[in-house]
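Novice: Structure for the following, please:
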Amino acid sequence: MWAWMNAPGRTLLTLDMAEQASSVHGPKRCFVTIGATASFSSLIRRVLEPEFIDELQRASYTELRVQYGDHEGEKIFQAKTKELREARALDRFEITGFGFNKAGLREEMIAAKGQSIDIEGMVISHAGSGSILDGLRVGVPLVVVPNTDLLHNHQVELAEVLAEQQYVVYGKLDNLSAAIGEVETLRRNMRKWPPLRSGEVKYKNGLADVMAEEMGWQLD
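Specialist: I've put the predicted structure just below:
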């Protein structure tokens, strides 16, 4: 039986709890974050499209959690989840969302990583350097989606370089579903962040230099 639940800061579309408890496998979560400094409405809309949800389910995901940001993002989230509810587009799948978390998103990313390789999920993130670093430090497969609506930013370049170095999947809004399959390849070939001055990549400070080069920072 379907249930539509609302609570402060939390929206949930789910099946009856007894049905979920009967699932053989544990939860597999996709966590989406747009960050705290700029809206990213197009990403929120994209991850709540029926075809994207279908692709998640085909890849055995059971949960989608969205950090949607400001009031505009919340309105989009509410409208899109309502459409999904009315269309009965979900099966044994839950969607939750929230605006901001002052404590940061590390715990959300850890939850997406899961407790074993069998249920490990993924994070889809805007291409902000802080969120990317958080995901890489947690060690969760990361899809980075540049916000091309922003002017004078390095998001596209940063996503391209990190994908080239095989740290992340470069996600594109017009074909985000493709990134779900690419994540499984990344998961099998996960590269750990090289230690400083390891020589494992062309940057003497490892990934720190990749970030610095694209963001215009100076490192010793």
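
Novice: contacts and neighbour counts: CA atoms only from here.
Specialist: Will do.

Novice: buried ones in stretch 80-93?
Specialist: For stretch 80-93, burial by neighbour count (16 or more other CA atoms under 10 Å) applies to Lys80, Thr81, Leu84, Arg85, Leu90, Arg92, Phe93.

Novice: now stretch 166-186
Specialist: Neighbour counts using 16+ other CA under 10 Å place 167-173, 176-177, 179-180, 182-184, 186 of stretch 166-186 among the buried residues.

Novice: for it, the distance to its chain's centre please.
Specialist: In this view, stretch 166-186 has its centroid 10 Å away from the chain centroid, taken as CA atoms, centre = their mean, to the nearest Å.

Novice: cool, stretch 77-89 as well?
Specialist: Average the C-alpha atoms of stretch 77-89, do the same for its chain, and the two points are 20 Å apart (CA atoms, centre = their mean).

Novice: Need the residues that contact that stretch.
Specialist: Applying CA atoms under 8 Å, 6 or more residues apart in numbering, the contact partners of stretch 77-89 are Leu13, Ile44, Arg45, Leu48, Glu49, Pro50, Tyr68, Leu90, Ile95, Gly97.

Novice: immediately after the biggest helix by length in the chain, which helix or strand?
Specialist: Longest helix in the chain by number of residues (criterion: DSSP state H): helix 71-87. Proceeding N to C from helix 71-87, the next assigned helix or strand is strand 94-98, under DSSP states H and E.

Novice: Run the angle between that next one and helix 71-87 for me.
Specialist: 160 degrees (axes from the mean of the first three to the mean of the last three CA atoms, to 10 degrees).

Novice: and the residue most central in space within the chain, which of the three is it?
Specialist: Nearest residue to the geometric centre of the chain (CA atoms, centre = their mean): Ile124, 1.9 Å. Assigned with DSSP: H, G, I helix; E, B strand; the rest coil, Ile124 falls in the strand class.

Novice: Identify the residue nearest Gln57 in space, chain neighbours excluded?
Specialist: Leaving aside its chain neighbours, Gln57 sits nearest to Phe93 (7.7 Å; criterion: CA to CA, 6 or more residues apart in numbering).

Novice: can I assume the one you found is in contact with Arg58?
Specialist: No: the pair Phe93 / Arg58 is not scored as a contact, 11.4 Å apart, by CA atoms under 8 Å.

Novice: how far away is the residue nearest to Gln57 from Ala59?
Specialist: 12 Å (CA to CA, to the nearest Å).

Novice: Next: Leu162.
Specialist: Taking CA to CA, one finds Leu162 at 24 Å from Ala59.

Novice: Between these two, point out the one with more neighbours.
Specialist: Neighbours were counted for Leu162 and for Ala59 using other CA atoms under 10 Å; Leu162 has more, 19 against 14.
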